[in-house]
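>>> just coords:
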RNA sequence: GCGGCGUUGGUGAAGUGGUUAACACGCCAGAUUGUGGCUCUGGUAUGCGUGGGUUCGAUUCCCACACGCCGCCCCA
C-alpha cells in the first residue's frame, strides 16, 4: 500500500468543511480591507528564499525542500509566503506606479522539512497578506487590525497582540551589538542552544525557553532602549493607533522573530497569552534585497492549521451544514428516470438534492435519508407519477403532501 | 537532526507465544409481501503498520524501517 508522505495529510469530511468556512471568513474580511487575492507558484528558484528569508536562518539551512529539476535548475518549495509575493511584486514592476499601496492576501500551501507534530506538518497552509509602498504607521496598524480581527471573526475571543519594534537598520544594528556585548561575559551560563544562537543570531537568545527565567536574560538590554528618536516616535504612534482601534496588545521587548528581513514593527498574535497563532512585521529592506527598488513592506501570516486547532480547543462552534435538502427515493426504472430528472431540476434551482445511485432497496434508501439528514424526502411511486404527482414528506414533522410534479420546486421554495 | 511513547477491522477498542482474534458502533440482509428511523436474528478483518530474526510455532519476544503523537531544535 502506498501511504501518504510524512507530515502530509488529506483534507476531507467535516474538517474540509471547517476549512471552507474559515476560508470564506478570511477571504471576505480581506476584501473588506480592500486587499486583492494572489497566488504564487509552489516552487521558486532556491535563491529567492536564501536571499529573502535569510541565508543563516534554520528555515533555509535545514528545513527547505530543495531539488534540482531536469533542467538542472535549483528549485525550492516555498517555506513561507512573503518572498514569493515580493518576487511577484518586483518581477511585475508594480513599484512603477505606486500611487496607491499594493495590498494582497494569499492562502497557500507551504513546505518545510520538519519533524511533524500536531499543528505542524511538512505540508501546511498559511493565510497571510502584504502591503507594499507605504511606510506609515497607519499601514502597520491596518495590518495588525486585519490580523487581529481575523481571529476574532473566527470566534477566538482571547487573542492579543505581542508587539515590539526592532527599529530601523541603524537601531537594529546598535541593539545587536549591545546584545552581543552584554551576553559575551555570560555566555557560559547560558544553555547550549543559546551558545549556538549567540554565534548565529544573538537576538534569538531572548526567545529561549530554557533560560527564560534566568536573570541574565531578564536584565538583557531591551530593543526599545536602542531605538533612535525617529524609530521611537514611530513605535509610540503605532501604539496610539492600536489604542484608538481598541486592539489589545502587550509591548514585548523580547519578541524578535526568526526571519532576517524584519525591521521596525514586529508582532505576533497569541492565544490566551501563550502560544502564537501567527506573526508578522515590517520589512522595509526586503524588496531591495530581492532586486527591486527601495519599497517599504509590511505583512502577516497565520498558521492555518494551528489556528484551526486552537478553534477546536477553544470550543468554537463552526456551523457545518451536513444536511441535504431533498432526497429522492426510487426503485423501478421509470422512478429512477424521474429521480434523475428531478434531482437535476432541484439542484439547478438551488437546492441540495440527492438520490440513490447504488440500486439499493427502498429500506436502504431510507437509511440514506437519515444519514444525509435530509429535510425533505420524496418517495417516487409509479402510480403517482402516472398522475404527474409526487408525495413529499417533511422529515421533521412527518407531514406528507401530494404535489404536482411541476409545482415541486415552488412547493419546497415556500416551505424552506 | 536528537530523545520518549505508540501502531489490532470502516470506527472505538480488548486480548494471548499455540485450535475458529472479545465487545461496541457502523455497514449489509431478513423478520416488515415497496414508506424507513425502535426491536430481534444472521452476516461482516487481504488476520493484529512493513520487513527481517528468535522459536516446533508470533499478532504476542528481539531488531530495523515506515507512519503517528509528545518534548528539543526551529517555526508559527
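Noted; the coordinates are in hand. Here the structure is a predicted model, which is why all the values come from computation and not from measurement.

>>> Pairing-wise in the sheet, spell out the partners of the nearest residue to residue A:81 once chain neighbours are set aside.
Nearest residue to residue A:81, sequence neighbours excluded (C-beta to C-beta, 6 or more residues apart in numbering): residue A:128, at 5.0 Å. Any C-beta I mention is one placed from the backbone N, CA and C, and that applies to glycine too. The residues listed as beta-bridge partners of residue A:128 by DSSP bridges are residue A:106, residue A:301.

>>> Residue A:128: neighbouring residues, count only.
25 (other C-beta atoms under 10 Å).

>>> How about residue A:96?
Here the number of neighbours of residue A:96 (other C-beta under 10 Å) works out to 7.

>>> pretty sure it belongs to a helix, no?
Yes - counting by DSSP: H, G, I helix; E, B strand; the rest coil, residue A:96 is part of a helix.

>>> Now do the buried residues in the worst-scoring helix or strand of chain A on mean pLDDT.
For chain A, counting by mean pLDDT, DSSP states H and E, helix A:58-62 ranks last in confidence among helices and strands (a mean of 73). Buried residues in helix A:58-62, counted by 16 or more other C-beta atoms under 10 Å: A:58, A:59, A:60.

>>> So which of those residues is the closest to RNA strand B?
residue A:58 (3.7 Å; C-beta to the nearest atom of the strand).

>>> how close does the residue nearest to residue A:81 sit to residue A:231?
From residue A:128 across to residue A:231, the span is 25 Å (C-beta to C-beta, to the nearest Å).

>>> The residue lying closest to residue A:256 once chain neighbours are set aside: neighbouring residues, count only.
Closest residue in space to residue A:256, ignoring its immediate chain neighbours: residue A:203 at 4.1 Å, by C-beta to C-beta, 6+ apart. For residue A:203, the count of nearby residues is 21 (other C-beta under 10 Å).

>>> With residue A:323 instead?
Residues within reach of residue A:323, counting by other C-beta under 10 Å, total 12.

>>> element containing residue A:391?
strand A:389-394 (DSSP states H and E).

>>> Can you list the strands that the next helix-or-strand element following that strand pairs with?
For strand A:389-394, the succeeding helix or strand toward the C-terminus, using DSSP H and E, is strand A:400-404. When pairs are called by DSSP bridges, strand A:400-404 turns out to pair with strand A:389-394 (antiparallel).

>>> What lies in contact with the strand it pairs with?
For strand A:389-394, contacts defined as C-beta atoms under 8 Å, 6 or more residues apart in numbering pick out A:326, A:342, A:375-381, A:384, A:399-405, A:408, A:411-412, A:415.

>>> 7 Å instead, please
Residues outside strand A:389-394 that contact it (C-beta atoms under 7 Å, 6 or more residues apart in numbering) are A:376-381, A:384, A:400-405, A:408, A:411.

>>> Which ones, among the residues you listed, also lie beside RNA strand B?
Contacts with RNA strand B within those, as defined by C-beta under 7 Å from any atom of the strand: A:377, A:379, A:380, A:381.

>>> Which residue, other than its chain neighbours, is closest to residue A:25?
Once flanking residues are discounted, residue A:25 sits nearest to residue A:153: 5.3 Å by C-beta to C-beta, 6+ apart.

>>> ok, how many other residues are close to the one you found?
13.

>>> what about the strands in the stretch 301-416 of chain A?
In the stretch 301-416 of chain A, the strands defined using DSSP state E, counting those that start in this stretch lie at A:326-329, A:353-355, A:376-379, A:389-394, A:400-404.

>>> who does the first one pair up with?
Here strand A:326-329 is paired, per DSSP bridges, with strand A:353-355 (parallel), strand A:376-379 (parallel).

>>> so who does residue A:278 touch?
With C-beta under 7 Å, 6+ apart, residue A:278 has these contacts: A:147, A:268, A:269, A:300, A:301, A:302, A:303.

>>> For the last one, give its distance to residue A:247.
When C-beta to C-beta is the yardstick, residue A:303 and residue A:247 sit 20 Å from each other.

>>> do the second one as well
Residue A:268 sits 13 Å away from residue A:247 when distances are taken as C-beta to C-beta.

>>> Equivalent analysis for the third one, please.
Taking C-beta to C-beta as the measure, residue A:269 falls 10 Å from residue A:247.

>>> Which residues of the stretch 301-416 of chain A lie near RNA strand B?
Checking the stretch 301-416 of chain A against RNA strand B by C-beta under 7 Å from any atom of the strand, the hits are A:301-303, A:306, A:329-332, A:335, A:360-364, A:366-367, A:369-371, A:377, A:379-382, A:391, A:393, A:395, A:398.

>>> Give me the buried entries from the residues you listed.
A:301-303, A:306, A:329-331, A:335, A:366, A:369, A:377, A:379-381, A:393, A:395.

>>> need the residues of the stretch 51-200 of chain A near RNA strand B, please.
With C-beta under 7 Å from any atom of the strand as the criterion, the stretch 51-200 of chain A comes near RNA strand B at residues A:57-59, A:63, A:80, A:112, A:114-121, A:126, A:193, A:196-197.

>>> Selecting buried members of these in ChimeraX, what would you type?
The buried residues among these can be selected in ChimeraX (16+ other C-beta under 10 Å) with this line:
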select /A:57,58,59,80,112,114,119,121,126,197
